[in-house]
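Asker: Predicted model follows, preceded by the sequence.
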Amino acid sequence: MSNFEILRLTGRCSNGAERDGGRLYHAVKGIRALCGKQPGRRSDWGVYPGKAVTCPRCIARLENLAIMACKGKDENGVW
Ligand SMILES: [Zn+2]
């Protein structure tokens, strides 16, 4: 279900579009974060995963997913 990685963007903030680059940990699934962030031409997801997601927008998405997971849990009667 929540098979995402906790990663931060690394690389240069050359275009000003990644002002939080390297600071915030996002919940990354595939190449894109839940908040829609993805690496630019000069940046990439870091190699080392973080311990917690710190991106507010990713956290909001995760909370929505958690709510949906709870509904599914009740319907299935599992967990
Ligand atoms: Zn994010």
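Answerer: Sure, I can see it. Numbering: from 1, shown residues only.
Asker: name the element the most centrally placed residue in the chain belongs to?
Answerer: Closest residue to the average C-alpha location of the chain: Ala27 at 1.7 Å, with CA atoms, centre = their mean. Following DSSP states H and E, one finds Ala27 within strand 25-29.
Asker: do Pro49 as well
Answerer: Short version: Pro49 belongs to no helix or strand, going by DSSP H and E.
Asker: what about the closest residue to Lys37 other than its chain neighbours, neighbour count?
Answerer: Closest residue to Lys37 apart from its sequence neighbours, by CB to CB, 6 or more residues apart in numbering: His26 at 5.7 Å. No exception for glycine: its C-beta is placed from N, CA and C like everyone else's. For His26, the count of nearby residues is 28 (other CB atoms under 10 Å).
Asker: pull the helix or strand with minimum mean pLDDT from this protein.
Answerer: Every helix and strand of the chain was ranked by mean pLDDT, DSSP states H and E. The lowest is helix 56-76, at a mean of 80.
Asker: what packs against that helix?
Answerer: strand 25-29 (3 or more CB pairs under 8 Å, 6 or more residues apart in numbering; DSSP states H and E).
Asker: hang on, the earlier thing: the very next helix or strand once past the strand holding Ala27: how far from the chain's middle?
Answerer: Tracing the chain past strand 25-29, the next element assigned as helix or strand by DSSP H and E is strand 32-33. Mean-position distance between strand 32-33 and its chain equals 6 Å (CA atoms, centre = their mean, to the nearest Å).
Asker: Is the ion within reach of the strand holding Ala27?
Answerer: Yes. Using CB under 5 Å from the ion, we find that strand 25-29 touches the ion at His26.
Asker: Using CSV, write down the CA coordinates of that strand.
Answerer: Provided in CSV are the C-alpha atoms of strand 25-29 (Å, rounded to 0.1, in the frame of the first residue of the first chain):
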residue,chain,number,x,y,z
TYR,A,25,12.1,14.8,2.8
HIS,A,26,9.4,13.7,0.4
ALA,A,27,7.4,10.6,0.1
VAL,A,28,8.6,9.4,-3.3
LYS,A,29,6.9,6.8,-5.3
